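*Asks:* sequence first, predicted model second:
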Number of protein chains: 4
Amino acid sequence: MTTTAQAEGLTRAQRQKLQLRADIIDAAFEEFAERGYHQTAIADIAQRLGIGHGTFYRHFENKRDILEHVLDAAIEDLTNALRDDFSPEKVNSLAEYKTQLASILKKLYAFAQSNPRALRLMLLEATSIDGEMTKRIAAMHAEGQRVASEYLQHGKRKGFFRSNLDTKATATAVVGMLMAGSMQYLFQPEDKSFQKAFGKAVIDLLTAGLAAQPAA
Amino acid sequence: MTTTAQAEGLTRAQRQKLQLRADIIDAAFEEFAERGYHQTAIADIAQRLGIGHGTFYRHFENKRDILEHVLDAAIEDLTNALRDDFSPEKVNSLAEYKTQLASILKKLYAFAQSNPRALRLMLLEATSIDGEMTKRIAAMHAEGQRVASEYLQHGKRKGFFRSNLDTKATATAVVGMLMAGSMQYLFQPEDKSFQKAFGKAVIDLLTAGLAAQPAA
Amino acid sequence: MTTTAQAEGLTRAQRQKLQLRADIIDAAFEEFAERGYHQTAIADIAQRLGIGHGTFYRHFENKRDILEHVLDAAIEDLTNALRDDFSPEKVNSLAEYKTQLASILKKLYAFAQSNPRALRLMLLEATSIDGEMTKRIAAMHAEGQRVASEYLQHGKRKGFFRSNLDTKATATAVVGMLMAGSMQYLFQPEDKSFQKAFGKAVIDLLTAGLAAQPAA
Amino acid sequence: MTTTAQAEGLTRAQRQKLQLRADIIDAAFEEFAERGYHQTAIADIAQRLGIGHGTFYRHFENKRDILEHVLDAAIEDLTNALRDDFSPEKVNSLAEYKTQLASILKKLYAFAQSNPRALRLMLLEATSIDGEMTKRIAAMHAEGQRVASEYLQHGKRKGFFRSNLDTKATATAVVGMLMAGSMQYLFQPEDKSFQKAFGKAVIDLLTAGLAAQPAA
DNA sequence: CATGAATGAGCATTCATTCAT
DNA sequence: CATGAATGAATGCTCATTCAT
């Protein structure tokens, strides 16, 4: 998590406060991911940090509030991890798309490795808190689909993707593949060979499945 | 749900008992899907049936226990809904695969329409109960992947799928697509046009993406 | 308190339930009067009865709820204690009014002696819970004033009270006297001679203060 | 409130400190009267003044302590508002008593109008803090009764009040009337016509009720 | 000396589970 | 065998008070 406070013209006290806030988010993140939201008591979070549990409430409204912040942080981390690569317009051929896709998969894989808890939170935990939270997850999916569809639209426009491609629906399918791969990582984090194979399989499936028909 | 008791050589009392048991599962299923597992009290389930909540404990060990049974029932329903179509060995060409895939998608869609709660339970709710439950979900995914990979292996053997196909990894991707579509259905159940488009997109993506290279 | 359950065509369980409910009201009443509402924890009430504190919540919504019931019971008790004597229309002369007043004072005194806690609750405790509760107390005062004013109106009509009597305003003053006497009882319950003197003083003050001018 | 510090030969710092102390009392007074003692947090008081809530503890021992001071100030204000008129020995006839009484009622009314919060604190709020505080309220009542009884004793001695007057008991009744009127003001501050009528009713009741028997 | 961050005792409330009827 | 009354562990949250800065 990149919740470390950016010290900028702040008093020491302010910096400490921000740091503690960030620490609480981190601790909550760990607890939520490890034990699950409902199984985690505020006291658990506080204890992990060695602070009084009243202190928690100086920084966050309530238990639900911090989940929001934890999830925000997780989503932000994921976004940051992938952002650099989101440049559909730079892709000019199927081969370039393949490279781009490989890069994204690599970044996602790196993120999963360094941040499996964020994945767990987003894929498994956050879906069952309440309607509002489920909507956030839906929005996250939607955002992923939006990005994916931009690639697809671009490729279609450029002509290296099928002209009959339904970009929106296909984007959903693409995001689903990535979700499935991420889940698989969570379920079997040790199976490196699968992880490698999965990346390749996705690339193959997409390049073949999206490609414009050979001139034939 | 197909939890109706199969009455066979049972006393009336035994049949009644089985029926009540099935009713409890149904009621729990409704409540869990509507309000979520953690938000549902045993008393809610009992009240929905008009029975005393002590009665619940004559049929199920505890709250966790019934979730298990509810999920089992849901998975069984899903399996039943799709089972007829699982016959990879009957597929002999890409065209037949396409037909088969369309049929599966149709069945899955019908299931989603008639049983969105089961979907919700499996995709959103059950992932955040505890480790054991998460394993069950993982196993469910695994089973889906196994079935999918059988199709892929068969097609590869028969030669109408790519020879370089990684059947296991690709199966994961395929199941991911279906998951994504199902989730999308939960998030936007009214968007019929998307649902139709999604089915088509998956079929197109897979037939193109899996097909053996044209002789060319 | 007269909260004992009236057993009538009830199952034993129902009677027990009503009895426990009444017991909880009594216990809460004792605690509230002794320690004050805010200083009383639900656990105190439960402990006094030797029941689990969860049991409390099977009978009352929340802490506020029982205060309501406790106060209702107290007001009902007071009303019952005084009701017999409320018959303004039977009073036909100043002498009869004097007798009637003496009777009311005696009943009030008896109530204070047998039920000082109810007095404490109404006069001291309930005024500082919240606006809604204060309104109830105001309504109680209003009711007392209404009754008092009926006597005054009747006496005025009959001609044994001053014709220039402002019945409403005077009723407020009369109720104030009784309040003051009741409070004094709470503050100095042992001072019997004062209590006696107070009754006499009120009677003297009112008979002289309300009487129609002697023909003179 | 007249809690403004009397600056006399004090350093600026000392004066400031006294001023802050007085401000805290005022703020606490407002909060206690508006929200009630138990519903008021120290932080509320501090926030109202724009000071840190730690600062509060440099001026007062604890929450209970300031209530004491707030109440003292309120009682002092009430005393000041009425003091000028407390001169029983100057009253030499029933007519003069009537005038005097009218004056006191007017002053009390003015106090109620300018300081309803003080009334609320004394009549409604302070009675339910704890035994010690209730004693203070009792003492306040006693003081009012003492003053009232002085008038009564004086009038009795002078001969314009009944010779059989129980001055102590009657004083309690008199104070009760004033309490009732004050409460009524709190409950219905807008009903000016009642307020006027109430004053008149009290005067009529007392002059008639206390007067020595006409020469008859 | 003012501040406000930290603290933890304290309390209301919920609910899974037990068991006497 | 169904029932629902009783239970108390568990937990979110508040706020008076302390004390390092």
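*Replies:* Everything's here; your move.
*Asks:* what's the burial count for whichever residue of chain A sits closest to DNA strand E?
*Replies:* Going by Cβ to the nearest atom of the strand, DNA strand E is nearest to residue A:54 of chain A, at 1.6 Å. Where C-beta positions appear, they are placed from N, C-alpha and C, glycine not excepted. Neighbourhood size, residue A:54 [other Cβ atoms under 10 Å in any protein chain shown]: 9.
*Asks:* relative to residue A:43, how far out is it?
*Replies:* 10 Å (Cβ to Cβ, to the nearest Å).
*Asks:* ok, residue A:194 next?
*Replies:* For residue A:194 relative to residue A:43 (Cβ to Cβ), the value is 39 Å.
*Asks:* I'd like the average pLDDT over stretch A:129-149.
*Replies:* The pLDDT scores in stretch A:129-149 average 95.
*Asks:* ok, that stretch near chain B or not?
*Replies:* Yes: using Cβ under 8 Å from any Cβ of the partner chain, we find that stretch A:129-149 touches chain B at A:129, A:130, A:134, A:138, A:141.
*Asks:* that stretch: which residues count as buried?
*Replies:* A:129, A:133-134, A:136-138, A:140-142, A:144-145, A:147-149 (16 or more other Cβ atoms under 10 Å in any protein chain shown).
*Asks:* can you tell me which of those lies nearest to chain B?
*Replies:* Closest approach to chain B among the buried residues of stretch A:129-149 (Cβ to the nearest Cβ): residue A:138, at 4.4 Å.
*Asks:* so where's chain A uncertain?
*Replies:* Within chain A, the set of residues satisfying pLDDT under 70 comprises A:1-9, A:214-216.
*Asks:* what packs against the top helix by length along chain A?
*Replies:* Longest helix in chain A by number of residues (criterion: DSSP state H): helix A:131-158. Judged by 3 or more Cβ pairs under 8 Å, 6 or more residues apart in numbering or on different chains; DSSP states H and E, helix A:131-158 is in contact with helix A:63-83, helix A:94-114, helix A:167-187, helix B:167-187.
*Asks:* please repeat the previous calculation with a cut-off of 7 Å.
*Replies:* Secondary-structure packing of helix A:131-158 (3 or more Cβ pairs under 7 Å, 6 or more residues apart in numbering or on different chains; DSSP states H and E): helix A:167-187.
*Asks:* which ones are touching the spatially most central residue of chain A?
*Replies:* Central residue of chain A (Cα atoms, centre = their mean): residue A:78, 3.9 Å from the mean position. By Cβ atoms under 7 Å, 6 or more residues apart in numbering or on different chains, residue A:78 lies in contact with A:111, A:118.
*Asks:* hmm, try it at 10 Å
*Replies:* For residue A:78, the contacting residues are A:107, A:108, A:111, A:112, A:115, A:118, A:119, A:122, A:140, A:144, A:182, by Cβ atoms under 10 Å, 6 or more residues apart in numbering or on different chains.
*Asks:* got it, and residue A:134?
*Replies:* Residue A:134 is in contact with A:126, A:127, A:128, B:36, B:120, B:124, B:125, B:186, B:187, counting by Cβ under 10 Å, 6+ apart.
*Asks:* for chain A, which residues are neighbours of DNA strand E?
*Replies:* By Cβ under 7 Å from any atom of the strand, the residues of chain A that approach DNA strand E are A:13, A:16-17, A:20, A:50-55, A:57-59.
*Asks:* how many neighbouring residues does residue A:61 have?
*Replies:* Residue A:61 has 10 nearby residues by other Cβ under 10 Å.
*Asks:* which residues touch it?
*Replies:* Contacts of residue A:61 (Cβ under 10 Å, 6+ apart): A:68, A:69.
*Asks:* for chain A, which residue gets nearest to chain D?
*Replies:* residue A:58 (11.7 Å).
*Asks:* element containing that residue, please.
*Replies:* For residue A:58, the element it lies in under DSSP states H and E is helix A:53-59.
*Asks:* now residue A:195
*Replies:* Judged by DSSP H and E, residue A:195 forms part of helix A:192-210.
*Asks:* what are the buried residues along that helix?
*Replies:* For helix A:192-210, the neighbour count (16+ other Cβ under 10 Å) marks A:194-195, A:197-210 as buried.
*Asks:* hang on, the earlier thing: of all the buried residues of stretch A:129-149, which comes closest to chain C?
*Replies:* Lowest distance from chain C to the buried residues of stretch A:129-149 (Cβ to the nearest Cβ) belongs to residue A:129, with 25.7 Å.
*Asks:* chain neighbours aside, what residue packs nearest to the closest one?
*Replies:* Nearest residue to residue A:129, sequence neighbours excluded (Cβ to Cβ, 6 or more residues apart in numbering or on different chains): residue A:37, at 6.1 Å.
*Asks:* so how far is residue B:206 from the one you found?
*Replies:* In this view, residue A:37 and residue B:206 are 36 Å apart by Cβ to Cβ.
*Asks:* which ones are touching the closest residue to residue A:130 other than its chain neighbours?
*Replies:* Leaving aside its sequence neighbours, residue A:130 sits nearest to residue B:36 (Cβ to Cβ, 6+ apart; 7.2 Å). Applying Cβ under 10 Å, 6+ apart to residue B:36 gives the contacts A:38, A:127, A:128, A:129, A:130, A:131, A:134, B:120, B:121, B:124, B:125, B:128.
*Asks:* fine by me, thanks again.
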